[in-house]
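Participant: quick one, structure for this:
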Amino acid sequence: MKKILSIVSVLFISVSSFAQTAVNTDSLPTYKRFPEIPVFKLTKVPDSTEFSKADIKKNKDVIMIMFSPDCEHCQRETDSILAHFDAFKNVQIVMASPLDYVHIKNFYQKFHLADYPNITIGKDNVWALGTFYNVRNFPTIAVYDKHGQFVQIFEGSIPVQKVIAALP
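Facilitator: Next up, the predicted model:
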C-alpha cells in the first residue's frame, strides 16, 4: 500500500510541476514566445504601397516603432532618433500606427522622413503589430538583430541612448 501511495504521490507532483511550466510559458508575451519579426502588412506613406515583413532588408538590425502621430512622446522620440541618426544609419526602422493615413502622412512630412531611406512609415490597418507587442503605451519600440531575432522592447518615452545601447 505504501508503494502505491508513493507512486501516486510522485505522479501527482510530476504532473503538477509540468502544468506549472505550461502556464508560465503561455503567460509570456507573444513577442517572447515568437522571437522573430512578426508577419505584418502596412500601407506605406507617402505612396500607399504595401510594405510587409518580406520587404525588410536582410542582414540589418531592425527597429519596429509603434506610435501615434499626435503623441508628444512619439514626436520627441522621433526628434531624438533623427538627432542621433548616425547611430541608426545602418538600421532599418519601421514605424507603424493604427491612426488615419492622413495623420501619419502629416507626421511623415513634419519630420521630413523622406530624407531617411532606411525609415519606413505606414498604417497598420488591422493593428497586427500593436496586438503582437501588446502595445499599452506609445511609443513602443522593439529591437531585433540582423538575423531578425528579438533583442529588447521599450514602452513609453525613453532616452534614445537606451535604444542605441540595445542595438547588437
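Participant: the most centrally placed residue in the chain bridge partners, please.
Facilitator: Geometric centre of the chain, nearest residue: residue 142, 3.5 Å, by Cα atoms, centre = their mean. Beta-bridge partners for residue 142, by DSSP bridges, are residue 64, residue 153.
Participant: my guess is it meets residue 30, correct?
Facilitator: No: in this structure, residue 142 is not within contact of residue 30 by Cβ atoms under 8 Å, at 11.2 Å. Bear in mind the C-beta positions are built from the backbone N, C-alpha and C, glycine included.
Participant: overlap in contacts of the two?
Facilitator: Shared contacts of residue 142 and residue 30 (Cβ atoms under 8 Å, 6 or more residues apart in numbering): residue 133.
Participant: now the strands for the chain?
Facilitator: For the chain, applying DSSP state E gives strands covering 41-44, 50-52, 61-66, 91-97, 119-123, 140-144, 150-155.
Participant: residues touching residue 106, list them.
Facilitator: residue 69.
Participant: distance of it relative to residue 68?
Facilitator: 12 Å (Cβ to Cβ, to the nearest Å).
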